[in-house]
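Asker: Next one to model:
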Amino acid sequence: MKIKNVILSEGYTGFYYDDQSAIKQGAELDHFTYLGKPVTEKFDAIRQAGETLSIMFILENDMIAYGDAVAVQYSGAAGRDPLFSAAEAARFFERHLTPALLGLDVRRFRENAEYFDSFTVEGRTIHTALRYGITQALLEATAKANGITMSEVVRREYDIKGDEYHLIPLFAQTGDDRYNNVDKMIMKQVDVLPHALINSVKNKLGPRGELLESYVKWLRQRILTKRPSPDYHPVLHIDVYGTVGMIFDDDIDKVHRYLRELSQTASPFSLRIEGPIDKGSREETKDALKALKQRIDDDPDCHVEIVADEWCNTLEDVKYFADEDAAHMVQVKTPDLGGVNNTIEALRYCLRKGVGAYSGGSCNETNISAEVTTSIAMACNAKQCLAKPGMGTDEGIMIVKNHMRRTKALIEGRR
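Answerer: The predicted structure follows:
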């Protein structure tokens with residue numbers, strides 16, 4: 001089965017690009033936009049519309065395989081590729097990539113994905129967003145060529161044992177509407193919540209961490225009083241974007257003490273804190289997280305897990321943080337890894353190392369990229385899977401949860 005045509009379409013993602021550096025420097029929210037000028041290269045505003053280049057492969061039997069090239073919300077930060085422009089990418093794609101794709105046999109995924117993930121033009125690897133989108137389409141093309149699901153392709157080609165496909169625990173994110181959206185998550189009994197987007201010391205964390213502590217206290221009580229069943233016991237997972245380290249000048253002992261108090265506030269619910277410290281480089285961030293994890297592991301009164309995110313962008317980074325035992329869980333931030341073949345390898349590596357394998361990504365994705373990476377998470381038995389795209393909560397939960405259920409039903413129904 002070969003690709004006989006390639007069609008491209010520019011579109012929007014489920015969220016926006018945000019200039020993380022400008023926000024961390026104190027940019028003020030003005031309703032949904034930010035006041036001030038951007039500081040990161042290629043940004044025209046601190047917040048601007050996210051873009052996708054939809055890639056469609058027309059196969060010989062006229063079936064269509066889809067993939068969406070997208071980049072994360074905080075593009076250009078923490079060593080990532082610069083802001084992704086769909087129009088610019090389309091011109092590049094038609095010139096350099098379409099000729100290489102026409103006539104390609106798609107009956108096998110892995111070799112094709114590895115080839116295009118390492119594809120170079122004038123000695124340079126192509127943008128991570130393009131590698132991400134092309135390999136999504138290649139995975140669906142292989143699934144359609146073989147009459148099976150994308151999850152089954154992954155297990156078959158990567159020799160992942162097991163015939164059962166489980167629903168992966170779902171992690172939903174509130175965006176800035178961190179109160180109303182929690183109620184939605186409780187009603188739908190989301191497994192892991194709320195993310196909460198704690199990316200500002202002044203407005204969300206507090207100079208002593210008091211705003212976050214108050215929020216966790218409210219969150220705990222809200223679940224206990226509103227949950228539809230006493231059996232509903234979600235994990236609390238909050239992303240702080242390095243701000244906890246900022247208020248304590250990256251003092252490991254002070255951060256540890258604060259997280260211990262926060263975990264006690266969250267009880268009886270388990271607490272995860274994503275990105276507690278960001279030192280501005282991979283090595284320094286790894287060292288800080290590793291030291292913090294050791295303090296936590298040695299403290300019987302500190303019931304918190306830390307999650308690595310920033311500076312953990314590539315397959316090599318994921319392996320590095322896992323090898324160094326620098327976190328209890330590593331987010332495999334799917335668009336940052338480029339080809340989805342790297343997402344497969346990263347999740348499998350974390351599982352082998354005994355590190356929590358979190359199939360993540362970004363609110364700034366699409367329904368297409370969410371469905372492909374959810375298929376991968378199911379195949380690899382990830383510990384949790386991000387509900388994406390968007391920050392409206394309901395949309396991401398619907399797309400990811402329904403795709404998991406459809407995939408499971410299809411596989412079991414054929415048996």
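
Asker: tell me, what residue is most central in this protein?
Answerer: residue 361 (1.7 Å; Cα atoms, centre = their mean).

Asker: can you tell me how far that one sits from residue 212?
Answerer: 24 Å (Cβ to Cβ, to the nearest Å). All C-beta atoms are positioned from the backbone trio N, CA, C, and that covers glycine.

Asker: ok, then the element right after the helix or strand bottoming out on mean pLDDT in the chain?
Answerer: Least confident helix or strand, the chain: helix 20-24 with a mean of 86, by mean pLDDT, DSSP states H and E. Scanning forward in sequence from helix 20-24 by DSSP states H and E, the next helix or strand is strand 29-30.

Asker: What are the contacting residues of stretch 398-409?
Answerer: Outside stretch 398-409, the residues that touch it by Cβ atoms under 8 Å, 6 or more residues apart in numbering are 149-151, 165-168, 170, 367, 370-371, 374-375, 378, 385-389.

Asker: So what's the gap between that stretch and the chain middle?
Answerer: Relative to its parent chain, stretch 398-409 has a centroid offset of 18 Å by Cα atoms, centre = their mean, to the nearest Å.

Asker: List the buried residues for it?
Answerer: 399-401, 403-404, 407-408 (16 or more other Cβ atoms under 10 Å).

Asker: Show me these that map onto helices.
Answerer: If you go by DSSP state H, those have 399-401, 403-404, 407-408 in helices.

Asker: Could you export those residues as JSON lines, including distance to residue 45?
Answerer: JSON lines is the format used below for these (distance: Cβ to Cβ, whole Å):
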{"residue": "399", "distance to residue 45": "27"}
{"residue": "400", "distance to residue 45": "29"}
{"residue": "401", "distance to residue 45": "33"}
{"residue": "403", "distance to residue 45": "33"}
{"residue": "404", "distance to residue 45": "36"}
{"residue": "407", "distance to residue 45": "38"}
{"residue": "408", "distance to residue 45": "42"}
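
Asker: Closest to residue 12 out of these?
Answerer: Set against residue 12, the nearest of these by Cβ to Cβ is residue 399 (15.1 Å).

Asker: If you count contacts, what does the lengthiest strand in the chain end up packed against?
Answerer: Assignment by DSSP state E gives strand 3-18 as the longest strand of the chain. Applying 3 or more Cβ pairs under 8 Å, 6 or more residues apart in numbering; DSSP states H and E, we find strand 3-18 packed against strand 47-59, helix 86-96, helix 98-101.

Asker: Report the backbone C-alpha coordinates of it in CSV.
Answerer: Provided in CSV are the C-alpha atoms of strand 3-18 (Å, rounded to 0.1, in the frame of the first residue of the first chain):
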residue,chain,number,x,y,z
ILE,A,3,0.9,7.0,-0.8
LYS,A,4,-0.4,8.3,-4.1
ASN,A,5,-1.0,11.9,-3.0
VAL,A,6,-0.2,14.3,-0.2
ILE,A,7,-2.6,17.2,0.7
LEU,A,8,-1.9,19.9,3.2
SER,A,9,-4.3,22.2,5.1
GLU,A,10,-3.5,25.1,7.4
GLY,A,11,-5.6,25.4,10.6
TYR,A,12,-5.9,26.2,14.2
THR,A,13,-4.9,24.2,17.3
GLY,A,14,-7.0,23.8,20.4
PHE,A,15,-5.2,26.6,22.3
TYR,A,16,-2.6,29.3,21.9
TYR,A,17,1.1,30.0,21.8
ASP,A,18,2.3,31.8,25.0
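
Asker: Go through that strand and flag the buried ones.
Answerer: Using 16+ other Cβ under 10 Å as the test for burial, strand 3-18 gives 3, 6, 8, 13-18.

Asker: hmm, which two among those residues are most spread apart?
Answerer: 3 and 18 (35.1 Å).

Asker: before we move on, the earlier item: now do the longest strand of the chain against strand 47-59: the angle between them, please.
Answerer: 170 degrees (axes from the mean of the first three to the mean of the last three Cα atoms, to 10 degrees).

Asker: What strands flank strand 3-18, and is each parallel or antiparallel?
Answerer: Note on strand 3-18: by DSSP bridges, its sheet partners are strand 47-59 (antiparallel).

Asker: quick one, the partner strand and helix 86-96 angle?
Answerer: 30 degrees.

Asker: pLDDT on strand 47-59, on average?
Answerer: Mean pLDDT, strand 47-59: 97.

Asker: what's the answer for stretch 319-339, then?
Answerer: Averaged across stretch 319-339, the pLDDT comes to 97.

Asker: Distance from the chain centre to it, please.
Answerer: With Cα atoms, centre = their mean, you get 11 Å for stretch 319-339.

Asker: Now that stretch: buried residues?
Answerer: 319-322, 325-339.

Asker: if you look at the residues you listed, which of them are in strands?
Answerer: 329-332.

Asker: and the residues you listed as JSON lines, adding distance to residue 37?
Answerer: Formatted as JSON lines, these follow (distance: Cβ to Cβ, whole Å):
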{"residue": "329", "distance to residue 37": "36"}
{"residue": "330", "distance to residue 37": "34"}
{"residue": "331", "distance to residue 37": "30"}
{"residue": "332", "distance to residue 37": "33"}
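
Asker: among these, which two are most distant?
Answerer: Going by Cβ to Cβ, the pair spanning those furthest: 329 and 332, at 10.0 Å.

Asker: shared neighbours of the two, anything?
Answerer: 357-358.

Asker: residues touching the residue nearest to the centre of the chain, list them.
Answerer: So residue 361 contacts 72, 333-335, 369-370, 373, 386, 388 (Cβ under 8 Å, 6+ apart).

Asker: What of residue 337?
Answerer: With Cβ under 8 Å, 6+ apart, residue 337 has these contacts: 128, 132, 313-315, 318, 343, 346.

Asker: hang on, the earlier thing: what's the closest of the helices and strands packed on strand 3-18 to residue 288?
Answerer: strand 47-59 (28.7 Å).

Asker: Following the record's annotation, map out the domains of this structure.
Answerer: 3-157, 170-414 (automatic domain parsing).
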